[in-house]
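Visitor: Generate a structure from the sequence data that follows.
(chains A and B)
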Amino acid sequence: MPAKAAGAAPPQYVITAENLTKTYGDVTAVDGISFSVSAGESFGLLGPNGAGKSTTMKMIGGVAQRTSGSLTIMGLDPEQHGPEVRAHLGVVPQQDNLDEELKVRDNLLVYGRYFGLPMSYLRPKADELLEFAQLTDKAKSKVDALSGGMKRRLTIARSLINEPRILLLDEPTTGLDPQARHILWDRLFRLKEQGVTLILTTHYMDEAEQLCDRLIVVDKGRIMAEGSPASLIREYSTREVLELRFGSERNASIAAELEGIGERLETLPDRVLIYTNDGEGALEEVSGRGLRPLTSLVRRSSLEDVFLRLTGRSLVD
Amino acid sequence: MTVLTQGHSVTEEARNRRFGPLYSRNARAVIGRGLMATKSSNWMVMLSGFFEPVLFLLSMGVGMGAVVGSVQGPGGQEISYAAYIAPALLAVSAMNGAAYDSTWNVFFKMNFAKLYQGMLYTSLGPLDVAMGEIFLALLRGLLYATGFTAVMGLMGLITTPWALLMVPASVLIAFGFASFGMGITSFMKTFQQMDWINFIMLPMFLFSATFYPLSVYPEYIQWLIQAMPLWHGVELLREINSATFTSATAIHIGYYVVMIVLGLMLTTGRLRSLFLK
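Guide: Residues are numbered from 1 along each chain as shown, chains lettered A, B, ... in the order given. Just a heads-up that it's a prediction; the model follows:
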């Protein structure tokens, strides 16, 4: 950004939200959340459907107006300076909204024109982005001939056409099969390595763990916890988890007999979770008490466990 | 891999443009998109919109005209029935072209293709989108009007060079319907509601003194017809085609100017409340 380097010092944070609130009638979608994001950071909003993640994203993009609180993007209020703020953003919405009447490459060119960019810049840029999205051989295809994963990658390529400072990704891999998700994560990780500021909403804990430097756990419009994935797991969970299944009828009744094993016990309809720093040891204790689970599994704690601890509910329901 | 996200000064320049809260002076990007999309589709719809009034002119003007004979034109002169209804059909064609683009087309893009949502996540503002779409509707109106005027000329229904003014006047009519149509469409949520638009446009086409003079109606119906926009378009074009300019001509033009201003205010306000919730 040589053009502006001599001017005022860049803001310390690219996004600052304070007491951000959004109500739709009687429903409070976002309930007084505060956070800030530094340049180059990869920041996540983790929470179940309906937690207020998408609404927060819309307010950042200036396409939803907040009810109260303050919000600045690159030092600007998105409500007062919508087009100007969005010139700095790349947006990947939850539902693909590619232009079905245009071919794949034309989607990129036309989208770039919306930002007021000249064709001399856009033509090579579109080819570069198609390569990044692994869609070079689809350049002349119609959009509806693409698979779900390809459409998602095209949407991400499109969001990069204006070289955004901040990339907003709303549930980027929802609805994709595992292979397509891994390809997408790889592409997003490359962007992160290049220093793009990523703002990501997800209800997949593995996605949050892979991509986010720091995240907030959101539920019912409020922030439940904030930190890096590792620090959240350290703070709210044990090192390991022992998952036991006794059959859906018996999980609840057997939980009483498991009291005292590990640090904490969580009974779900389909399984019992024992939080402990030594999973194998806990399993031996279970056998020692004469209990025979149908299946048992020792695994590392994940953000899913953090969410369960904070809210008493699972992320994906 | 190349660096994807920095380094081109041109993106920085684009960010340093002057922006308004609702307008980024870039309606031409929306127009460019429309032209590019038209290249690949829409051809049949566009052609049918042109032929519809031509077919009406042939069947009603030539066919019915043989029975009706000559009628009295705006200046009191005797003219053929075809010459009487041709300017009215041109007004209808301008209305239909503009209305199709600004109602059905906009309805689809708004509710199904999610096109405007995509546009408004860029540095476009709602006013850029509205102006771009309305311009496209006008372009279509201009094409229809030029084509139909040419057909009129070939059929010998044009007798004065003033008649060329029918083309810009048709664009004025199209502008009125396009700006209003887009605003009204923004209230529509279902296909059933969209049918109401046809429910208004078809009677307006049939009864706006298109095929016979207003004087056949009782006075209170005359007032109703005169309140409708199409009647003013029909009369305006009829007066131009016979080079009969009166104070009424100014009223017809004024009607459309007011309609355009109100329509643009409605459309921009609606787009803002729909997309900047």
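Visitor: host element of residue A:216?
Guide: strand A:214-219 (DSSP states H and E).
Visitor: How far does that strand sit from its chain's centre?
Guide: On the basis of Cα atoms, centre = their mean, to the nearest Å, strand A:214-219 sits 9 Å off its chain's mean C-alpha point.
Visitor: go on, stretch A:151-159?
Guide: Distance, centroid of stretch A:151-159 to centroid of chain: 16 Å (Cα atoms, centre = their mean).
Visitor: what mean pLDDT does that stretch have?
Guide: If you average the pLDDT over stretch A:151-159, you get 94.
Visitor: Quick one: end-to-end distance for stretch B:175-195.
Guide: Length of stretch B:175-195, first residue to last, Cα to Cα, to the nearest Å: 21 Å.
Visitor: hmm, back to that, mind listing residues that contact the strand holding residue A:216?
Guide: For strand A:214-219, contacts defined as Cβ atoms under 8 Å, 6 or more residues apart in numbering or on different chains pick out A:33, A:35, A:41-48, A:51-53, A:56, A:208, A:223-229, A:232, A:303, A:306-307, A:310-311, A:313. Heads up, the C-betas are built off the backbone N, CA and C, glycines and all.
Visitor: Buried among those? Make that a ChimeraX selection.
Guide: Those of these that count as buried under 16 or more other Cβ atoms under 10 Å in any protein chain shown are selected in ChimeraX with:
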select /A:33,35,41,42,43,44,45,46,47,48,51,52,53,56,208,223,224,225,227,229,232,303,306,307,311
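Visitor: For residue A:305, which non-adjacent residue is closest in space?
Guide: residue A:237 (4.4 Å; Cβ to Cβ, 6 or more residues apart in numbering or on different chains).
Visitor: swap that for residue A:204, please
Guide: Excluding its sequence neighbours, the residue lying closest to residue A:204 (Cβ to Cβ, 6+ apart) is residue A:173, at 6.9 Å.
Visitor: residues of whichever strand or helix holds residue B:110 that come out buried?
Guide: Secondary structure from DSSP H and E places residue B:110 in helix B:106-111. For helix B:106-111, the neighbour count (16+ other Cβ under 10 Å) marks B:106-107, B:109-111 as buried.
Visitor: ok, now stretch B:24-41?
Guide: Residues B:24, B:26-27, B:29-34, B:36-38 are the ones in stretch B:24-41 that count as buried (16+ other Cβ under 10 Å).
Visitor: out of the residues you listed, which touch chain A?
Guide: Under the cut-off given by Cβ under 8 Å from any Cβ of the partner chain, chain A has B:24, B:26, B:29-30, B:32-33, B:36-37 from these close to it.
Visitor: Alpha carbons of the helix holding residue B:110, as PDB, please.
Guide: C-alpha atoms of helix B:106-111 as PDB (Å, rounded to 0.1, in the frame of the first residue of the first chain):
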ATOM      1  CA  VAL B 106     -35.800  -7.700 -10.800                       C
ATOM      2  CA  PHE B 107     -38.100 -10.100  -8.900                       C
ATOM      3  CA  PHE B 108     -36.100 -13.100 -10.000                       C
ATOM      4  CA  LYS B 109     -32.700 -11.500  -9.400                       C
ATOM      5  CA  MET B 110     -33.900 -10.300  -5.900                       C
ATOM      6  CA  ASN B 111     -35.500 -13.400  -4.600                       C
END
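Visitor: anything in that helix near chain A?
Guide: No. Counting by Cβ under 8 Å from any Cβ, chain A is not contacted by helix B:106-111; separation bottoms out at 9.1 Å.
Visitor: Show the subsequent helix or strand relative to that helix.
Guide: Next along the chain after helix B:106-111, taking DSSP H and E as the criterion, comes helix B:115-119.
Visitor: Redo the buried residues of stretch B:24-41 as JSON lines? Include pLDDT.
Guide: Shown next, in JSON lines, are those (pLDDT from 0 to 100):
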{"residue": "B:24", "pLDDT": "86"}
{"residue": "B:26", "pLDDT": "92"}
{"residue": "B:27", "pLDDT": "93"}
{"residue": "B:29", "pLDDT": "95"}
{"residue": "B:30", "pLDDT": "95"}
{"residue": "B:31", "pLDDT": "95"}
{"residue": "B:32", "pLDDT": "95"}
{"residue": "B:33", "pLDDT": "94"}
{"residue": "B:34", "pLDDT": "91"}
{"residue": "B:36", "pLDDT": "90"}
{"residue": "B:37", "pLDDT": "87"}
{"residue": "B:38", "pLDDT": "83"}
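Visitor: The residue of the stretch 201-317 of chain A found nearest chain B: how many residues sit nearby?
Guide: Closest to chain B within the stretch 201-317 of chain A is residue A:201: 15.0 Å, counting by Cβ to the nearest Cβ. Residue A:201: 26 surrounding residues under other Cβ atoms under 10 Å in any protein chain shown.
Visitor: Quick one: classify it as helix, strand or coil.
Guide: Classification of residue A:201 using DSSP: H, G, I helix; E, B strand; the rest coil returns strand.
Visitor: The chain: strands as residue ranges?
Guide: Assuming you mean chain A. Ranges of strands in chain A, per DSSP state E, are A:13-24, A:27-38, A:42-46, A:68-73, A:89-92, A:166-170, A:197-202, A:214-219, A:222-227, A:240-245, A:264-267, A:272-276, A:295-300.
Visitor: hm, I was asking about chain B
Guide: Using DSSP E, the strands of chain B run over B:70-72, B:78-80.
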